[in-house]
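1. Sharing a model that was predicted from the sequence below.
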Amino acid sequence: MSLRLAASLAARDVAVELSVADGETLALLGPNGAGKSTVLGMLAGLLRPDDGRATLGDETLFDLPRDWRPPHLRGVALLAQDALLFPHLSVRENVAFGPRSAGATRAEAADRADEWMRRTATAEFADRRPSELSGGQAQRAAVARALAAEPRLLLLDEPLSALDVGVAAELRGTLAGVLAGRTTVLVTHDALDAYLLADRVAVMHAGRVVEQGPMRQVLERPRHPFTAELSGLTLLTGARTAEGIETGDGMRLRATAVAAVPVGAPALAAVRPSAVRVLAGAGSTRVTDADRPERVTDADRPDRIPAIVTGLEPQADLVRVRTDRLDALVPPADVADLRLRIGDRVTLDVPPSAVTVYPA
Ligand SMILES: Nc1ncnc2c1ncn2[C@@H]1O[C@H](COP(=O)(O)OP(=O)(O)OP(=O)(O)O)[C@@H](O)[C@H]1O
């Protein structure tokens, strides 16, 4: 069932256009307040846009100002951060609720509940009430309840964000199985969720979709700083040079991967911080071939960029050294050896293999 949405809501400064192909999962990414939940609310029928249209397959969800189909007649299931199960019903009764309300007999609804509890590994606590479940168990039961209703469109609003890392990883695995072939919009802050669960991504910023496309293309060649941040890359804008890019402030970098951009034309570059080295001082001595285990040819000798440290942030087991030019991701021991502080002058060693140049 393919989805098309074009709608706006001035009170929230949201105006979006997006589409999801039949059976595809679209990850909707964006910072806090970007409008992601607002989009889900419009699709679920909980929030009425000022104008616009949404269609699911050949059915119209709304076509304002004339048509507005109420939430329970849309065939759309919304699963939020909190499981929001009916507290007075057992897991089995929660899961059977959708089929029962859609007119299934008690026996049919029970069969369908059993099937979804099996697929979401919730059968072992089928007779418990929601208050007797852990967060992860409740969220699994909520997935079973949402899918047992056989929605034509599934909306997931950060379904893993309230869970511990290990529990989230398990549920991510379950979701990967049940989302296959199902038209889904998944709101997430997490690039890993997008990579593992979605086919395409749309990135929202300040109420607008700022880029959308196939996962790898968007995350590996970002066009918006938020997308770059999410992918852990540094985004530069400038003009294509014979060997790479020159930024507006005169930084020249060579790149190994260069898409078809004419020399002189506007270009973007994504730089991988984990490949950037930080050396002490603005005029660091050159690294000689003898410093490196492998022989360094001129083509892959790093470019030297003077920079000023603007921030030091722990990131997993590394430190993200932010500078006025590029970020570097280095081991804590290097930060200690260099005695790095905010405001320090350093030299960044940027190998051409860390730089990808593509059209602006
Ligand atoms: N109940 C509300 N009443 C009025 N404005 C709201 C309400 N909820 C959100 N907004 C505003 O609408 C805009 C979009 O918010 P929305 O919740 O859709 O963003 P989001 O991308 O889902 O953010 P988050 O990642 O924090 O959940 C923001 O400017 C927000 O302040």
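-> Arrived safely.
2. Show me what from the chain comes close to the ligand.
-> With the criterion set to Cβ under 6 Å from any ligand atom, the chain comes near the ligand through 12, 30, 32-38. Heads up, the C-betas are built off the backbone N, CA and C, glycines and all.
3. and which of those is nearest to residue 103?
-> Nearest to residue 103 among these is residue 37, at 30.7 Å by Cβ to Cβ.
4. In terms of helices and strands, where is residue 78?
-> strand 76-79 (DSSP states H and E).
5. who does that strand pair up with?
-> Strand 76-79 has its sheet partners listed here by DSSP bridges as strand 153-157 (parallel).
6. and the strand holding residue 78, average pLDDT?
-> Per-residue pLDDT over strand 76-79 has a mean of 91.
7. Could you point out the helix or strand that follows it?
-> Downstream of strand 76-79, the first helix or strand assigned by DSSP H and E is helix 91-101.
8. So for the next helix or strand after that next one, what gets flagged as buried?
-> Downstream of helix 91-101, the next assigned helix or strand under DSSP H and E is helix 106-119. Buried positions in helix 106-119, judged by neighbour count with 16 or more other Cβ atoms under 10 Å: 109-110, 112-114, 116-117, 119.
9. Run the angle between helix 106-119 and helix 91-101 for me.
-> Taking axes from the mean of the first three to the mean of the last three Cα atoms, to 10 degrees, one finds helix 106-119 and helix 91-101 inclined to each other by 130 degrees.
10. what's downstream of helix 106-119, the next helix or strand?
-> Tracing the chain C-terminally past helix 106-119 and defining elements by DSSP H and E, one meets helix 135-148 next.
11. residues of that following helix that come out buried?
-> For helix 135-148, burial by neighbour count (16+ other Cβ under 10 Å) applies to 136-148.
12. helices and strands around that helix, which ones?
-> Using 3 or more Cβ pairs under 8 Å, 6 or more residues apart in numbering; DSSP states H and E, the elements in contact with helix 135-148 are strand 76-79, helix 91-101, helix 106-119, helix 165-179.
13. what's around residue 313, how many residues?
-> Using other Cβ atoms under 10 Å, the number of residues around residue 313 comes to 11.
14. hey, what's it bridged with?
-> residue 320.
15. Would you confirm that it contacts residue 328?
-> No. Assessed by Cβ atoms under 8 Å, residue 313 is found out of contact with residue 328, at 11.5 Å.
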